[in-house]
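# Sequence first, predicted coordinates after that:
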Amino acid sequence: MNDRKKLLNAVKYVGFTLLTTGIIIFLYGFFVSDHSAITSIGIGTVMGAIFIFLMGVFFVATEELHEKTNKGVRIPAKGKTF
């Protein structure tokens, strides 16, 4: 459980940092700069932050579900039914 919390916290902080940076770049490109490339870089950074956060949450959920499932496949012996 502790490893999942560490991974989730790391993803949260990285995602928040990238999201904040992307919003700042987008606002700078939209209101201050005349170049549309800066605006699109900001949009891409925001989308990247969202993608990183969602993938991190997906990895944590997958790991938790993997731990809770039964391991192995039950093979019935000859002549016995379950």
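Structure's in. What do you need? Residues are numbered from 1 along each chain as shown.
# Next, the contact list for residue 12, please.
Contact analysis of residue 12 by C-beta atoms under 8 Å, 6 or more residues apart in numbering lists 53, 56. To be clear about C-beta, it is placed using only N, CA and C from the backbone, and glycine gets the same treatment.
# Check which element follows the helix or strand hosting it along the chain.
Secondary structure from DSSP states H and E places residue 12 in helix 2-27. Helices and strands here follow DSSP H and E; after helix 2-27, the next one along the chain is helix 36-68.
# Could you list the low-pLDDT ranges of this protein?
1, 72, 74-75, 79-82 (pLDDT under 70).
# re earlier: could you pull out the buried residues of the helix holding residue 12?
8, 11, 15, 18, 19, 22, 25, 26 (16 or more other C-beta atoms under 10 Å).
# And for stretch 41-48?
Buried-residue list, stretch 41-48, by 16+ other C-beta under 10 Å: 41, 42, 43, 45, 46.
# any idea what sits nearest the third one, other than its immediate chain neighbours?
To tie it back to what came earlier, the one meant is residue 43. Take residue 43 and drop its neighbours on the chain: the residue closest to it by C-beta to C-beta, 6 or more residues apart in numbering is residue 26, 6.0 Å away.
# Quick check: the gap between that neighbour and residue 64.
Here residue 26 is placed at a distance of 34 Å from residue 64 (C-beta to C-beta, to the nearest Å).
# Let me see the contact set for the residue nearest to residue 43.
Going by C-beta under 8 Å, 6+ apart, residue 26 touches 39, 42, 43, 45, 46.
# Distance of the residue lying closest to the fourth one once chain neighbours are set aside relative to residue 68?
Nearest residue to residue 45 in three dimensions, chain neighbours excluded: residue 22, at 3.2 Å (C-beta to C-beta, 6+ apart). Taking C-beta to C-beta as the criterion, residue 22 is separated from residue 68 by 35 Å.
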